[in-house]
Structure formats: C-alpha cells, structure tokens
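**Student:** just coords:
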C-alpha cells in the first residue's frame, strides 16, 4: 500500500501536508520537507494505534502479512 502525500504552501509561508487516506493525518511545517516528514510520522502513529486497539481496515491489512507456522 502506498499513501499519497499532498503538499501545499499556505499564504503565510507554512507548508501543509496531508494523507487523505488516513483521516486526521494533516500537519504543518516550516519547510516542505518538515511537513512531509511530520505527516509520515503521524500516519505511522495513527496506524499503530489502530492496530493496538484491534481495529482492522483495508489500509492496515495491506501493510502486513503473517506467515504460516
């Protein structure tokens, strides 16, 4: 699964980065690179929290596969 990061510069000079496939994964950064890095980290935290709470979704199921024992 590949997530698309949308990046845009605001009128005030800040950069905003968002991953539309993960609701709530939107951050600001002083630079484009900082915004991208921060949204990647946030997305990983969101997915990890969902896994810890037993939530399943097509997004999470495509990330891992469990081998046969």
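**Tutor:** That came through fine. Note that the structure is a prediction, hence the values are computed from the model and not measured.
**Student:** for the residue nearest to residue 21 when sequence neighbours are not counted, which residues are in contact?
**Tutor:** Counting by C-beta to C-beta, 6 or more residues apart in numbering, residue 21 lies nearest to residue 3, which is 5.6 Å off, once chain neighbours are set aside. Using the backbone N, CA and C atoms, a C-beta is placed for each residue, glycine as well. Counting by C-beta atoms under 8 Å, 6 or more residues apart in numbering, residue 3 makes contact with 19, 21-22, 43.
**Student:** mind checking the SS state of residue 3?
**Tutor:** Assigned with DSSP: H, G, I helix; E, B strand; the rest coil, residue 3 falls in the coil class.
**Student:** roughly how far does it sit from residue 42?
**Tutor:** Here the criterion is C-beta to C-beta, to the nearest Å. By it, residue 3 lies 11 Å from residue 42.
**Student:** so what touches the longest helix along the chain?
**Tutor:** Among the elements of type helix in the chain, defined by DSSP state H, the one spanning the most residues is helix 32-52. Judged by C-beta under 8 Å, 6+ apart, the contacts made with helix 32-52 from elsewhere in the structure are 3, 5, 7, 9, 14-19, 22, 24-29, 57, 59-60, 63.
**Student:** what's the answer for stretch 4-18, then?
**Tutor:** Where contact means C-beta under 8 Å, 6+ apart, the residues beyond stretch 4-18 that reach it are 19-21, 25-32, 34-36, 38-40.
**Student:** now, of those residues, which are buried?
**Tutor:** 19, 25-27, 29, 35-36, 38-40 (16 or more other C-beta atoms under 10 Å).
**Student:** flag the shaky bits of the chain, pLDDT-wise.
**Tutor:** Low-confidence regions of the chain, defined by pLDDT under 70, span residues 58-59, 63-65.
**Student:** which residue packs closest to the most centrally placed residue in it, ignoring adjacent ones?
**Tutor:** Central residue of the chain (C-alpha atoms, centre = their mean): residue 43, 2.6 Å from the mean position. Distance criterion C-beta to C-beta, 6+ apart; nearest residue to residue 43, sequence neighbours excluded, is residue 25 at 4.8 Å.
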